[in-house]
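[1] Give me a 3D structure for the following:
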Amino acid sequence: MVPFRIDRHSGIPTYVQLVLQTKQALRLGELREGDRLPTAREVVGALAINPNTVLKAYRELERDGLVEARPGVGTFVIRSLAKPGMAEKTALHRELARWVRHARDAGLDRADLEALMNSALAIEYGPDPEGT
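    Got it, this is the predicted structure:
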C-alpha cells in the first residue's frame, strides 16, 4: 500500500500530491500490476481529507491508463512505470542516501539539495518539461 503523505504547505493541490506519489511508487516498483490502491475511505481516515479529493486523484490515474476502478472491489494497478534499470534501485538508493548525508553534513539543507539535483538533472536530461 502507498503510504500517502500530504504537505499542506506545498501549494500543490492535495489530489496532485496523491497522483504524484502513486506515480513515484509505480516508477520505483513499490506498486505493481494487480496491486490494489487503498480505498478512498482508508485514505480519508489516514489523512483527514475529502473523499472527493481521493476520487479525483484516482480518476486522473485511470485517465492516464495506470489504474482501473472495479466497482465494489477497489482500484487496481493495471500498468507499471518501472523501467528495467530500476532493478538496480537498492544500490542506487544507498549511493544517493550516502550523497544526501554527505551534503547534509556539509551544511546543505533540503532546498539546497533539491536545487543541486534539479541542476544536475537539467544538465543530463534537459529542462523539466513540467517545470517542477
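[2] Which helix or strand contains the nearest residue to Asn50 once chain neighbours are set aside?
    Leaving aside its sequence neighbours, Asn50 sits nearest to Val44 (CB to CB, 6 or more residues apart in numbering; 7.4 Å). For every residue, glycine as well, the C-beta is placed using N, CA and C. For Val44, the element it lies in under DSSP states H and E is helix 40-47.
[3] Find me the pLDDT at the residue nearest to Asn50, would you?
    On pLDDT, Val44 comes in at 96.
[4] Start the count at 130 instead of 1 going forward.
    Got it, the first residue is 130 from now on, which makes the last one we talked about Val173.
[5] burial count for it?
    For Val173, the count of nearby residues is 16 (other CB atoms under 10 Å).
[6] can you tell me which residues contact it?
    Counting by CB atoms under 8 Å, 6 or more residues apart in numbering, Val173 touches 179-180, 183.
[7] if I look at the residue lying closest to Glu159 once chain neighbours are set aside, how far off is Leu176?
    The shortest distance from Glu159 to any non-neighbouring residue, by CB to CB, 6+ apart, is to Val131 (7.2 Å). As judged by CB to CB, to the nearest Å, Val131 and Leu176 stand 11 Å apart.
[8] what does Pro132 give?
    On the measure of CB to CB, Pro132 and Leu176 end up 10 Å apart.
[9] Counting neighbours, go ahead and name the busier of those two.
    Legend: neighbour count by other CB under 10 Å for Pro132 and Leu176, higher for Leu176 (17 against 9).
[10] Look at the residue lying closest to the more buried one once chain neighbours are set aside and report its pLDDT.
    Distances taken as CB to CB, 6+ apart put Ile135 closest to Leu176, at 5.5 Å, once the chain neighbours are dropped. Ile135 is assigned a predicted lDDT (pLDDT) of 95.
[11] Can you tell me which residue sits nearest the middle of the chain?
    Centroid-nearest residue in the chain: Gln150, 2.3 Å away (criterion: CA atoms, centre = their mean).
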